Each structure stands twice: as C-alpha cells, then as structure tokens.
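>>> sequence unknown, structure follows:
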C-alpha cells in the first residue's frame, strides 16, 4: 500500500491524505447548505478534510457567498456537513478565515466595516455579486481593543465549530488574510503591542492559538502558514526576517502543543526555513501546493511532511483516494465554475 493511503495514527486518520481548504462560494447568504453537504460528503476518501475559509465574524466575510460560523443558523447548516463527513469515516476541521483588508463593503452585511491591522487599502480588485469586479475597500484600522475582540471572536467561533460537530479548527494564517497581514511589516505599521518587532507582529496568531486551545483543546487546533507569500498585496520583506518569523511561530505553536502546522509551499521558501520549522515543531506538518500523487508519496518518504493536502485534485476528483490506489488518470478542474453558484463544476465531477 502507498504510504499516503495507510492510516496516520498520530491524529487518528484513516490515511495520510488531506483535502485542502478551497473557497467555493456556494454558501448562499453565508449559510452552509445541503449542496455543500453533498460536496464534502463526496470527498470522504480524505482522512482529513479542511473546509473552505469560514468567517469567524461578520466583518471577516470578504468574499461573496463564503460561509460563516458565528450564527446559530450557520452552526445548524454545518451540522449537516460534519455528519456527512463522519458517515464517510473521515475527520473534518473548519478553517477560520478572517479576510481582514481583503474584501469589499458590498460583500459584508449592512453596517459592518472592513477592518485590518492598518488603514492601508490592498491593491487590486475583488468580485462582488452587486457590481462584479471592484477595487478593494479601504479598511478601518483595528484599535488595540478591536484586536482583542477579534481574538475573542475566533475563540467563540471555535466553540461554535465544536457544537456544529467539527473535529477541530484551523486558523488561517496564510494567503494574505488577517493574521498574515499582522505578520507582514509592509502592512502592519502599528505601534501598540501588536506591531513592531517580529515577536509583536506574531502576538495575534499566538494569542488566538492559545485562546482556542484553552477553549476546545490543543489537539483540536491547527494553523496554516505560507512563508514568503505575496498574495493579497503582501510584499516580501527581508528574507532573514521572514525566516525568523516562521521559526519563532513554529516554536510558539510547539509550546502550545497544537495538532498541526499546515504549510502552503512555494518555490520561494528556502530549504533552511522548512528545515527550521521541522526542527522547531514536533507536531504534525501538513504540506500543500503543487504536488501530484507520485511526488506526494516521495515527499512523505523524505520525512519533512507527515500528511499531504491536495486542493485542485480534490476539487475535480471526489474519489481521489481511489484514483491514487488505481494509478488512474485525474479529472481536470474547470476553473470557470470554481466560484459560481450551483452544482455545476461542484458536485458533478465524474468518479471512476
């Protein structure tokens, strides 16, 4: 048997295969629904499913039709999904994604403001259901009290996730969203306890992880990082500072004892940073981005990663585990339907 299909005892998973979080924009009115339950239920070949980015609070809803986990109606909607996944003998973590300054006011409920570590508007545009592509809105800089409130919102959302039947939560500290905005000195120009040095810029991530671990259990907490990422109008800062940022974060996450660190890799990440994270963090490491079934197996055998996550391959192949087992060809994703409403390009991909 391929290692990727063998059980992973450390997290109690049936295999080493993870479905990566992917925004799919099917949550009408930001409420998880039956169509989403069908989608996730189809993909229970994964030992662990990490959901699409899910807002912990209304101001985190930067994109159209992304789900939240801050209302009872949303909790009830997620219960259908977690039940479907558990029937397939898989575990499921919800990814808590606060988009911060990446968003537009038209994608937020009335009276809710876009917020970020500073009042710096992100370059580029974002899709809205009201007027199509629009420039990002200018965020309101969070006060010190506002940052602490955001941390509380994540803790409450984690408790809501457990009520909804999730096995745990993943903090989204990658892809240019709120946590990573705080980590990046090109966006974070704060002078309070959440800005300045590497250690201060990392405080929000550490306080969130500590707070959530205390609320739901450290074994139910993961975090995603993307070192050297430039998504979301994040400019790379000094290489050694980036390196030290993620070594420090890995050390702090290890002290808390969270279940895993999920790394979105790119060619920009120096090997010394990956090696440093592996030395600093004794828990599970999930590796994602750009891997094929063949290279995934080799990567697992190389020893850095404990689990391998697939995004696009799971988008187009609900039965990815069976295709890996049979060495079968993979369906090609249709990116034109990646974020459109409805079943087309969502639950209608063919299986073997």
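Yep, it's here. What you see is a predicted model; the values in this text were computed from it and never measured.

>>> those strands in the stretch 101-250 of the chain, which residues are they?
115-116, 125-128, 132-135, 140-141, 168-173, 221-225 (DSSP state E, counting those that start in this stretch).

>>> Which of those sits closest to residue 51?
Of all the strands of the stretch 101-250 of the chain, it is strand 168-173 that lies closest to residue 51, at 8.4 Å by Cβ to Cβ. Quick note: C-beta positions are derived from backbone N, CA and C, even for glycine.

>>> Just want the angle from that closest one to strand 221-225.
With axes from the mean of the first three to the mean of the last three Cα atoms, to 10 degrees as the basis, strand 168-173 and strand 221-225 are set at 30 degrees to each other.

>>> Could you list the paired strands of strand 168-173 along with their orientation?
strand 91-96 (parallel), strand 221-225 (parallel) (DSSP bridges).

>>> The helix or strand of the chain with the lowest mean pLDDT - contacts with which helices or strands?
When each helix and strand of the chain is scored by mean pLDDT, DSSP states H and E, helix 293-302 comes last, with a mean of 91. Identification of packing neighbours for helix 293-302 by 3 or more Cβ pairs under 8 Å, 6 or more residues apart in numbering; DSSP states H and E yields strand 307-310.

>>> Give me the sheet partners of the strand it packs on and which way each runs.
Sheet pairing for strand 307-310, using DSSP bridges, gives strand 17-19 (parallel), strand 284-288 (parallel).

>>> Of these, which stretch is the most buried?
Highest mean neighbour count among the strands paired with strand 307-310 (mean count of other Cβ atoms under 10 Å): strand 17-19, with a mean of 29.

>>> what's the following helix or strand after it?
Counting by DSSP states H and E, the element after strand 17-19 in chain order, helix or strand, is helix 34-42.

>>> quick one: buried residues of that following helix?
For helix 34-42, the neighbour count (16 or more other Cβ atoms under 10 Å) marks 35, 36, 37, 38, 39, 40, 41, 42 as buried.

>>> Following element in sequence after it, please.
Counting by DSSP H and E, the next helix or strand C-terminal to helix 34-42 is strand 48-54.

>>> In its sheet, which strands sit next to that next one, and in what direction?
Its sheet considered, strand 48-54 pairs with strand 17-19 (parallel), strand 91-96 (parallel) by DSSP bridges.

>>> could I get the ones you listed as CSV with mean pLDDT?
Shown next, in CSV, are these (pLDDT from 0 to 100):
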stretch, mean pLDDT
strand 17-19, 98
strand 91-96, 98
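
>>> In TSV: those strands, plus distance to residue 255.
Formatted as TSV, the strands paired with strand 48-54 follow (distance: least, Cβ to Cβ, whole Å):
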stretch	distance to residue 255
strand 17-19	24
strand 91-96	21
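
>>> what's around residue 158, how many residues?
Using other Cβ atoms under 10 Å, residue 158 is surrounded by 28 other residues.

>>> Local confidence estimate at it?
pLDDT, residue 158: 98.

>>> thinking again about what came up before, any idea which of the strands paired with strand 168-173 gets closest to residue 279?
With Cβ to Cβ as the criterion, residue 279 lies closest to strand 221-225 of these, at 15.4 Å.

>>> how much distance is there from that closest one to the middle of the chain?
Centroid separation for strand 221-225 versus its chain: 7 Å, with Cα atoms, centre = their mean, to the nearest Å.

>>> what's in contact with it?
Contacts of strand 221-225 from elsewhere in the structure, counted by Cβ atoms under 8 Å, 6 or more residues apart in numbering, are 21, 50, 93, 95, 158, 168-175, 180, 205, 209, 212-213, 246, 249, 253, 256, 258-264, 286.

>>> Enumerate the beta-bridge partners assigned to residue 115.
residue 140.

>>> give the contact list for it.
Contacts of residue 115 (Cβ under 8 Å, 6+ apart): 59, 100, 101, 139, 140, 141, 142, 146, 150.

>>> Tell me, how many residues neighbour residue 248?
When neighbours are counted by other Cβ under 10 Å, residue 248 comes out with 17.

>>> what's the answer for the one 3 residues further on, then?
Residue 251 has 14 neighbouring residues, counting by other Cβ under 10 Å.

>>> related to what we said a few turns ago, now flag whichever of the buried residues of helix 34-42 is closest to residue 120.
Using Cβ to Cβ, residue 36 is the member of these that lies nearest residue 120, at 33.4 Å.

>>> who's in contact with the closest one?
Residue 36 touches 24, 26, 27, 67, 77, 80, 81, counting by Cβ under 8 Å, 6+ apart.

>>> Quick one: the helices in the stretch 151-300 of the chain, in order.
All helices of the stretch 151-300 of the chain, identified by DSSP state H, counting those that start in this stretch, fall at 178-183, 198-201, 203-216, 239-256, 271-280, 293-302.

>>> Please identify which pair of the contacts of residue 36 lies farthest apart.
In terms of Cβ to Cβ, the contacts of residue 36 reach their longest pairwise distance at 24 and 80, which sit 15.8 Å apart.

>>> Who has more neighbours out of the two?
Using other Cβ under 10 Å as the criterion, residue 24 and residue 80 rank with residue 24 on top: 23 against 19.

>>> Apart from its neighbours in sequence, what residue is nearest that one?
The shortest distance from residue 24 to any non-neighbouring residue, by Cβ to Cβ, 6 or more residues apart in numbering, is to residue 52 (5.5 Å).
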